[in-house]
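Visitor: coordinates only, no sequence provided:
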């Protein structure tokens, strides 16, 4: 019975995950093997012709390169900034209260602005288990 309760709790999240991420991804993959239909001409199966046209398109390669450079520049930078801020929040440094306030603001605004990685790292560091930690810390038994 314990397992049924767990699956019941997981079901709404699984339905939303499948409905908003998995299903659209699979539907898009299937649609990529068909031509674009119009009101006059229905779509037809073209196989990998769309992918062959994509590989031959120089703009695709430029856009792919731009995205790779953007990801290489922003993802490590965001992680580094989040780690520095997490360490700053965890230590007794000047302006620590200001940074903690920013953490709470980022944590509340993460859903609106896409700041999840920063907020999650800061939130995790703020609740880290450390021997002799300050108020709000989980103490070891």
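Guide: Looks like it arrived, so ask away. The model shown is predicted, which means the values in this text are computed figures rather than measured ones.
Visitor: would you tell me which helix is longest in the chain?
Guide: Ordering each helix of the chain by length in residues (DSSP state H) puts helix 58-90 first.
Visitor: which elements pack onto that one?
Guide: Judged by 3 or more C-beta pairs under 8 Å, 6 or more residues apart in numbering; DSSP states H and E, helix 58-90 is in contact with helix 96-113, helix 116-126. Heads up, the C-betas are built off the backbone N, CA and C, glycines and all.
Visitor: and the ones you listed, which one is worst for confidence?
Guide: Among the helices and strands packed on helix 58-90, helix 116-126 carries the lowest mean pLDDT, a mean of 56.
Visitor: give me the phi and psi for the residue lying closest to residue 37 once chain neighbours are set aside.
Guide: Computed as C-beta to C-beta, 6 or more residues apart in numbering, the closest residue to residue 37 that is not its neighbour in sequence is residue 43, at 3.4 Å. Main-chain dihedrals, residue 43, degrees, to the nearest 10: phi -70, psi 150.
Visitor: what's the neighbour count on residue 65?
Guide: Neighbourhood size, residue 65 [other C-beta atoms under 10 Å]: 10.
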